[in-house]
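Q: Curious how this folds, go ahead:
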Amino acid sequence: MFEALVTLCLTGEPDVCRDALLPGAEASTLAGCEAKLGVVKVPEGAWEAGDPFCALRGLVLDFEKVTPNLWVHIGEIAEPDRENRGDVANIAFVVGEQSVAVVDSGSARWIGEATWRAIRNVTDLPVSHVVLTHMHPDHVFGATAFRGAEVVGHSSLERALADRAGNYVESLEALIGPEAFLGSGVPTVAVAVSEAIEIDLGQVHMELTPWHRAHTGTDVTVRVGDVVISGDLVFDRHTPALDGSVLGWLKALDTLEGQGGQVVPGHGGPLMSMSEALGPMRRYLEVLRDDTRAAVAAGERLGEAVEHIAESEAGAWVLFDAYNQRNATVAFTELEWE
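A: I've put the predicted structure just below:
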C-alpha cells in the first residue's frame, strides 16, 4: 500500500524535519497514489513543506477490537517523553456502515496519522467525526490529521484550548521533541456539545454526553451500545489527574455507575466492567476529599497539606508522585471555602 507524504521542517531549522502523512491518496500501487496527489492538502503552520510525494505505508498504531464496532489503542502509562513520543493516552475508533468516528487523537499529529492508517486496515469508509473527550493535550493534538472530519467537543472546549494553547504547545514540544510534535496544531471545534446528542455512523449510534465540572470543565463521554468511552473521567492504574472539581467528579462517577455496562478508560484498560473500573477511582477521590477536608479543618496551610493528602493511596497507582500533589492543590483550593 502506498500513501501521500510531505516533508515538514521547522522554519529556520532545516535539520528538524519529518515526513507527515497526507490522508486521502492511499492506493495499492505507486501510480495510483501519484494520480491522487492533487486531492491532498499540505498542513499549514510554523514549518516549511516540500512537495507531496508517494511512498510505502508508514507506522500503523496498534488497535485492539473490543466489540464488533469498536477498536481501542492503549497508550503507555507514562509521562510524555522523547522515547514514547507522546503516545500516552487511549484512542478509540467506531465503525458504522457509512462512516467512522475517532474518539481522542493523541498528543501529536503523528499519532493521528498512525491512527488513520490503522483505520484503513479495517475499512475504507470516511472518517466523519473526531470526538475530543476533554481539553488535555495528550488527547487533542492528533486531531488535525483527519482532514474533512468534524471535530466534536464540549461547549467549553474551544475556549479552554485557546486559553492554554501556548503553554500546551511549548510543554509538549519540549517533552516529546520538536520532530515528534512537528505538524501538530490546536484543532478547531466544529460541533460544540452543550447537551446530550447522538451521532449516526450508519446503523451504529454514538450518544455523546457533556458533563458538569469533574475531571476538567470540558468532559464528554461517548456511549456505543453498552460501552462508555469515558476519556479521563475514568483512569485505570494511572493516577487520576484532577483539573476540575473533586466533588463534581464523585457525582459524575455516581451517574456512570448507574449506567452500568462496560467502560473504555482514558488510560489503562482497554475494556472493563463499570464496577471494576470505578471502585479504585471512587476510593482515591474519596480519600483525596476527606484528607483535604481534615487538613482544612485542622487549619493547615496549602503547602503543608499537600505533603500528606491522599498519601495512603501511593501504592495503588502508577505516576503517583507526578500527580497526587497537583490533585491535592486543586482539591484544597476547592474545599477550603465550602
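Q: The nearest residue to residue 133 once chain neighbours are set aside and residue 152, how far apart?
A: Take residue 133 and drop its neighbours on the chain: the residue closest to it by CB to CB, 6 or more residues apart in numbering is residue 231, 2.6 Å away. Glycine gets a C-beta too; all of them are placed from N, C-alpha and C. To residue 152, residue 231 is 12 Å away according to CB to CB, to the nearest Å.
Q: Overlap of the contact sets of the two?
A: Contact criterion CB atoms under 8 Å, 6 or more residues apart in numbering; residues shared by residue 231 and residue 152: residue 220.
Q: Going by residue numbers, what spans are helices in the stretch 151-300 of the chain?
A: 157-176, 178-181, 246-259, 274-297 (DSSP state H, counting those that start in this stretch).
Q: average pLDDT for the last one?
A: Going back to what we said before, that points to helix 274-297. For helix 274-297, mean pLDDT rounds to 98.
Q: packing partners for that helix?
A: The elements that helix 274-297 packs onto, with contact taken as 3 or more CB pairs under 8 Å, 6 or more residues apart in numbering; DSSP states H and E, are strand 227-235, helix 246-259, strand 262-267, helix 302-305, helix 320-335.
Q: Check which residues of that helix are buried.
A: Neighbour counts over helix 274-297 (16 or more other CB atoms under 10 Å) mark 274, 277-278, 280-281, 284-285, 287-289, 291-293, 295-296 as buried.
Q: now the angle between helix 246-259 and it, please.
A: 160 degrees (axes from the mean of the first three to the mean of the last three CA atoms, to 10 degrees).
Q: okay, helix 274-297 in CSV with CA atoms only?
A: What follows is helix 274-297, C-alpha atoms only, in CSV (Å, rounded to 0.1, in the frame of the first residue of the first chain):
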residue,chain,number,x,y,z
MET,A,274,-18.1,-0.3,35.0
SER,A,275,-18.0,-1.5,38.6
GLU,A,276,-14.4,-2.8,38.3
ALA,A,277,-13.2,0.5,36.9
LEU,A,278,-15.0,2.8,39.3
GLY,A,279,-14.1,1.1,42.5
PRO,A,280,-10.5,2.3,42.7
MET,A,281,-11.4,5.7,41.2
ARG,A,282,-14.0,6.3,43.9
ARG,A,283,-11.7,5.2,46.7
TYR,A,284,-9.0,7.6,45.6
LEU,A,285,-11.2,10.6,45.1
GLU,A,286,-13.0,10.0,48.5
VAL,A,287,-9.6,9.8,50.3
LEU,A,288,-8.5,13.0,48.4
ARG,A,289,-11.7,14.7,49.5
ASP,A,290,-11.7,13.5,53.1
ASP,A,291,-8.0,14.2,53.7
THR,A,292,-8.3,17.6,52.3
ARG,A,293,-11.3,18.4,54.5
ALA,A,294,-9.4,17.2,57.5
ALA,A,295,-6.4,19.4,56.6
VAL,A,296,-8.6,22.4,56.2
ALA,A,297,-10.4,21.8,59.5
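Q: Please shift the residue numbers so they start at 24 in all later answers.
A: Got it, first residue is 24 now, which makes that one helix 297-320.
Q: can I see the domain layout of the protein?
A: Per automatic domain parsing, the structural domains of the chain span 24-81, 82-304.
Q: so which of those domains is the most packed in?
A: Comparing those by mean neighbour count (mean count of other CB atoms under 10 Å), domain 82-304 ranks first with a mean of 20.
Q: Show the pLDDT at residue 218.
A: 97.
Q: Next, work out how far apart it and residue 237 are.
A: 16 Å.
Q: what does residue 78 give?
A: 44 Å.
Q: now swap in residue 319 and tell me
A: 21 Å.
Q: Residue 105 against residue 202, yeah?
A: No. Using CB atoms under 8 Å, residue 105 makes no contact with residue 202, being 9.1 Å away.
Q: ok, back up a step: okay if I get the helices of the stretch 174-323 of the chain as CSV plus distance to residue 160?
A: Shown next, in CSV, are those (distance: least, CB to CB, whole Å):
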stretch, distance to residue 160
helix 180-199, 4
helix 201-204, 10
helix 269-282, 20
helix 297-320, 22
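Q: Tell me which of those helices lies nearest to residue 225.
A: With respect to residue 225, and counting by CB to CB, the nearest of the helices of the stretch 174-323 of the chain is helix 269-282 at 24.3 Å.
Q: The closest one versus strand 285-290: what angle between them?
A: Using the same axes, to 10 degrees: helix 269-282 against strand 285-290 is 150 degrees.
Q: Quick one: list the elements packing against helix 269-282.
A: Against helix 269-282 (3+ CB pairs under 8 Å, 6+ apart) you get strand 250-258, helix 297-320, helix 343-358.
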